[in-house]
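[1] Curious how this folds, go ahead:
(one chain, ligands or ions: 1)
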Amino acid sequence: MNELVIIKSGEHPDLEKMWMEKAEKQLARFHPNRLKEWVNGRVALTMAFKRMNIDITPKDEFLGYQKIKGQEKYTFSISHTPGWAGAIVVAGNVQPGLDIESLDREIDEKILERFIHPYDGKFEPLVLWTAKEAAYKSLPDTVQQKFWLQSIQISEGKFSGDGFHGVWSRIDHPELMIIEASRAL
Ligand SMILES: CC(C)(COP(=O)(O)OP(=O)(O)OC[C@H]1O[C@@H](n2cnc3c(N)ncnc32)[C@H](O)[C@@H]1OP(=O)(O)O)[C@@H](O)C(=O)NCCC(=O)NCCS
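    Numbering: from 1, shown residues only. Next comes the predicted model:
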């Protein structure tokens with residue numbers, strides 16, 4: 001079972017207010033835009049958990065980027081891009097990774113060279129970038145520390161690297177590139 005929620009900044013003022021109080025304490029020295037991103041990601045996460053009949057609140061303790069204490073059977077992934085955020089929550093033995101980007105985002109040649117894998121399939125740069133970020137987020141910390149985006153090979157609906165593999169798919173959206181990756185645990 002999984003739930004994916006995409007929100008636009010400003011759509012859920014009550015939830016934003018609730019998380020902003022925590023952001024102002026926890027990220028006090030950060031730029032206000034960073035606080036908004038952080039808040040929006042958690043608003044999307046709160047809504048995704050809610051669809052599974054679970055209430056999460058700012059009092060919950062996050063265990064890294066993928067779990068919440070007391071709700072360890074659920075794994076999740078958060079992503080944001082200016083004005084938008086998304087979260088996916090999965091119940092079961094799967095670790096998801098989510099990445100959202102504006103469809104207007106241009107990936108320049110220099111960045112492309114830095115993240116491309118010699119055996120990547122033929123995809124438009126934004127698809128490749130978003131799929132790699134989503135796949136990267138689905139990897140365990142220990143693996144993330146060893147590899148960069150160029151160590152992840154992307155083929156049609158699949159990703160792989162030295163000792164890991166998983167699947168990915170694109171979710172249609174009029175303004176965003178949304179890619180959800182998942183890796184069996
Ligand atoms: C981890 C990474 C994918 C996050 O990228 P990002 O641009 O911040 O991604 P998004 O804005 O979509 O998502 C951010 C959210 O992802 C989550 N996140 C951050 N780091 C994460 C990680 N290592 N694993 C899983 N999730 C992570 C957080 O919830 C974060 O939001 P928050 O800090 O507000 O809670 C990025 O740092 C990365 O690409 N690392 C790979 C390094 C690399 O290979 N670089 C080479 C580039 S050519």
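
[2] what about stretch 52-64, average pLDDT?
    Across stretch 52-64, pLDDT averages out at 96.

[3] touching the ligand at all, it?
    No. Stretch 52-64 lies out of reach of the ligand by CB under 6 Å from any ligand atom, never closer than 7.5 Å. The way it works is simple: take the backbone N, C-alpha and C, and place the C-beta from them, glycine included.

[4] How far does that stretch stretch from one end to the other?
    Length of stretch 52-64, first residue to last, CA to CA, to the nearest Å: 21 Å.

[5] And the contacts of it?
    With contacts defined as CB atoms under 8 Å, 6 or more residues apart in numbering, stretch 52-64 is touched by 1, 3, 18-19, 21-22, 42, 45-46, 49, 68-72, 74, 89, 91, 141.

[6] Buried by neighbour count, from those residues: which ones?
    In those, burial by neighbour count holds for Glu3, Met18, Trp19, Lys22, Arg42, Leu45, Thr46, Phe49, Ile68, Gln71, Tyr74, Val89, counting by 16 or more other CB atoms under 10 Å.

[7] List just the nearest of those residues to the ligand.
    Using CB to the nearest ligand atom, Arg42 comes nearest to the ligand of those, at 7.2 Å.
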